[in-house]
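*Asks:* need the 3D shape of this:
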Amino acid sequence: MPAPGAAQTKFELTHYRFVAGFEKRALSGVMVPGTFDGRLICDRIGGPELRGAALDGSAVNPEAKEAPAFVAGKPACERPAVPAWVQPVSSEGPGLSHLPAGAGTDESAARDEWVAITRSLFMMQDHLAELDARLARLEPLLRAGSLARTGLRRLARILRFPLKLAALILHWRETGRRIKDARFRSERLVFDSSRSVFMRRVDFPAFAGHLRRSFGFFPPAVYRVEPRQRLALARRPRVLHAIANVWIGGSTQLIVDLHNHLGHRFEMTVVTSALPAHGSHDGMAIDVVPKPNSRHLVRCIFSRFRPHIVHVHYWGDVDEPWYKTIFEIAAEFGCPILQNINTPVAPFAGVRVDRNVFVSHSVLDQFGSAVPASVIHPGIELDRFAPPAVIDPHAFDTIGMIYRLESDKLDADAIELFLAIAERRPTTRIVIIGDGSLFAHFRSRVEQEGRLSQFEFTGYVPYEELPAQFARFRTFVAPVWQESFGQVVPFAMSAGLAVAGYNVGAIPEILGGVETLGASLAETAKIVAALLDDPARIVALGERNRALALERFSVEDMAIRYFQLYRDLAPRVVEILSRLPDAVHFPI
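*Replies:* Numbers count the residues shown, from 1 in each chain. Next up is the predicted model:
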């Protein structure tokens, strides 16, 4: 509330817009400077309150016969008090009320500045209201245009189908190579009881899926948001997730899990620079800001969505410039910033960050944090990755891995560990699940060593089919050269598998020890071979790993911890039903 003597100015609004969409009214009378608090959009969620409109109707409009309904319904003692020094301006012409005697030139200059600012703000509000009215008249046309555009896109997809077929026929050599490659990724080692050997058989559903992805014929969704709570709050705090790409990986899975378990409490959208090459995500609102990113485009996204919290999933590296722009624009808008450090990199420190979250103590201990920090292990769906009801006896002599075949975690020598194990145990099956730039090298090395009869390369496998793949082997091998967390290890633990691999990064933290981890290729190969020789030990390790997963890696517990962070970071004016329990199963 401004002090007595502060400037007032007459205003007249033909269109006045309440934040929550109340009716538009014509108002005139006195505007009290200082009632507009100038808060940034990140500090507001909107609602029935409107800053700067605290005076009742009779005080604001001298011609008003009665107070507005939302004021008249209040007892007199609860109505906003109008200071005695506030007097309506004469209706004969614009002007300023007289200041108390003794007001100095500094106060007069400040008054004039406040008058200019408030006049500009109300003029802008008036222009925006007029623009809203024009857009409302155009809304039917815009809806029709949107429907027409959607229809044309679908028609274009249908028309592209024969064109793609013609292109495939025209380039028949390349088409044949793709079909052969899809067939190779679909071959499975199946036990032939009549011969007592494993034979290669084509998995035709997998073959069809690889063909769809290879030729771009209606590719399936990569990730699909499946909200656990169907009833969502109508007005929710807004969280903007910023991630350099939404390709397959743990960071994208984390965003999907937060949508699934907190989407009914927080409205979420994603800004990224790159979408998956094959397929798309269902159920997520995604804005693409390609590299090099445009500051104007990023500002437009912030202005349209008006986030209350910006959640940055940071990994730096070659994407550092893209992330830098996101951080700077978030700071300009005054949004609280939550930074997730999902890979072994130092946190971004170019702007003020409110909270850092590390996916493991290993990364936190390695890089530290200059701001308040916590460790939240990514959670997994324990029921989805439960041990199979019936275990295939051949699974005890089978090992496997599930990774993106890229150099961020694996290197060209990762396949050498499996070749060493195959040499020690010629009857052992080895299942390599994943795709990427290292796929061709891995395949080539196995063929050079003449071990293809022991290996199975599945290529990309959809997330929904991963539990069935885990059921095919009882020992998971992690041949990574660095690891910040790696969700596939908790997947394997939850499925009741023994886990072995290199003693690097967060692997000992996840497993709770180094019993099955080696420091070199030879030592790790020896550990895996010893496990395969002892099925009873595999069972015991699997039971222990399952118990650890149930205790540490519940996705519901993870969601609750992020909910608590969002609640602490959200501006005070944001209503998130803080009196209700944090549990995600009973959210509203």
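*Asks:* which stretches of the stretch 351-500 of the chain form strands?
*Replies:* Remark: strands assigned in the stretch 351-500 of the chain by DSSP state E, counting those that start in this stretch are 355-358, 373-375, 398-402, 429-433, 455-459, 475-478, 498-502.
*Asks:* right, and these - which one's nearest residue 570?
*Replies:* strand 355-358 (11.9 Å; CB to CB). All C-beta atoms are positioned from the backbone trio N, CA, C, and that covers glycine.
*Asks:* next, the buried residues of that closest one.
*Replies:* Buried residues in strand 355-358, counting neighbours by 16 or more other CB atoms under 10 Å, are found at 355-358.
*Asks:* what of stretch 277-292?
*Replies:* 278-279, 281, 284, 287, 289.
*Asks:* other residues contacting that stretch?
*Replies:* 213-214, 216, 219-227, 246-247, 252, 255-256, 259, 268-275, 297-298, 301, 319, 321-322 (CB atoms under 8 Å, 6 or more residues apart in numbering).
*Asks:* out of these, which sit inside strands?
*Replies:* By the criterion of DSSP state E, membership of those in strands covers 221-224, 268-272.
*Asks:* now the biggest helix by length in the chain, how far from the chain's geometric center?
*Replies:* Secondary structure of the chain per DSSP state H: the longest helix is helix 105-170. In terms of CA atoms, centre = their mean, to the nearest Å, the centre of helix 105-170 is set 25 Å apart from its chain centre.
*Asks:* rounded mean pLDDT for the helix or strand that contains residue 208, please.
*Replies:* In this assignment (DSSP states H and E), residue 208 forms part of helix 204-215. Mean pLDDT, computed over helix 204-215, is 89.
*Asks:* which parts of the stretch 351-500 of the chain are helices?
*Replies:* Applying DSSP state H, counting those that start in this stretch to the stretch 351-500 of the chain gives helices spanning 361-367, 414-424, 439-448, 466-470, 488-494.
*Asks:* tell me which of those helices sits most buried.
*Replies:* helix 488-494 (a mean of 26; mean count of other CB atoms under 10 Å).
*Asks:* what number of residues lie near residue 551?
*Replies:* Using other CB atoms under 10 Å, residue 551 has 10 neighbouring residues.
*Asks:* SS state for it?
*Replies:* Secondary structure assignment for residue 551 (DSSP: H, G, I helix; E, B strand; the rest coil): helix.
*Asks:* which pLDDT does the model give it?
*Replies:* Looking at residue 551, its pLDDT stands at 95.
*Asks:* any idea how far residue 544 is from it?
*Replies:* Distance, residue 551 to residue 544, by CB to CB, to the nearest Å: 11 Å.
*Asks:* what's the answer for residue 479, then?
*Replies:* On the measure of CB to CB, residue 479 and residue 544 end up 22 Å apart.
*Asks:* in the sheet, who's paired with residue 200?
*Replies:* Beta-bridge partners for residue 200, by DSSP bridges, are residue 189.
*Asks:* that one: neighbouring residues, count only.
*Replies:* Neighbours around residue 200, by other CB under 10 Å: 12.
*Asks:* where in the stretch 151-300 of the chain is pLDDT low?
*Replies:* Within the stretch 151-300 of the chain, the set of residues satisfying pLDDT under 70 comprises 232.
*Asks:* again with the chain
*Replies:* Checking the chain against pLDDT under 70 turns up 1-104, 232, 573, 575-588.
*Asks:* spatially central residue for it, please.
*Replies:* The chain has residue 255 as the residue nearest its centroid, 3.0 Å off, counting by CA atoms, centre = their mean.
*Asks:* wait, what's in contact with that residue?
*Replies:* By CB under 8 Å, 6+ apart, the residues touching residue 255 are 241, 243, 246, 270, 284, 313.
*Asks:* nearest to residue 179 among these?
*Replies:* Once CB to CB is applied, the member of the contacts of residue 255 that ends up nearest residue 179 is residue 246, at 28.8 Å.
*Asks:* can you count the residues close to that closest one?
*Replies:* Residue 246 has 26 nearby residues by other CB under 10 Å.
*Asks:* also residue 530?
*Replies:* Residues near residue 530, counting by other CB under 10 Å: 13.
*Asks:* quick one on the thing from earlier: mind listing which of the buried residues of stretch 277-292 are in strands?
*Replies:* Counting by DSSP E, the buried residues of stretch 277-292 contribute 281, 287 to strands.
*Asks:* Serialize the buried residues of stretch 277-292 to CSV and add fields for distance to residue 117.
*Replies:* Converted to CSV, the buried residues of stretch 277-292 look like this (distance: CB to CB, whole Å):
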residue, distance to residue 117
278, 53
279, 51
281, 44
284, 40
287, 32
289, 32
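*Asks:* can you point out the buried residues in stretch 504-514?
*Replies:* For stretch 504-514, by 16+ other CB under 10 Å, it's 504-507, 509-511.
*Asks:* next one: it to chain centre, how far?
*Replies:* 26 Å.
*Asks:* contact partners of that stretch?
*Replies:* With CB under 8 Å, 6+ apart as the criterion, stretch 504-514 contacts 344, 359-363, 377, 478, 480-486, 489-490, 493, 499, 501, 503, 517, 545, 548.
*Asks:* kindly check the end-to-end length of it for me.
*Replies:* Counting by CA to CA, to the nearest Å, you get 10 Å between the two ends of stretch 504-514.
*Asks:* before we move on, what about stretch 468-482?
*Replies:* Span of stretch 468-482 from end to end, CA to CA: 27 Å.
*Asks:* per-domain residue ranges of the protein.
*Replies:* Per automatic domain parsing, the domain ranges recorded for the chain read 9-135, 172-215, 222-379+556-569, 393-553.
*Asks:* how about residue 207: what's its closest non-neighbour residue?
*Replies:* Nearest residue to residue 207 in three dimensions, chain neighbours excluded: residue 186, at 3.8 Å (CB to CB, 6 or more residues apart in numbering).
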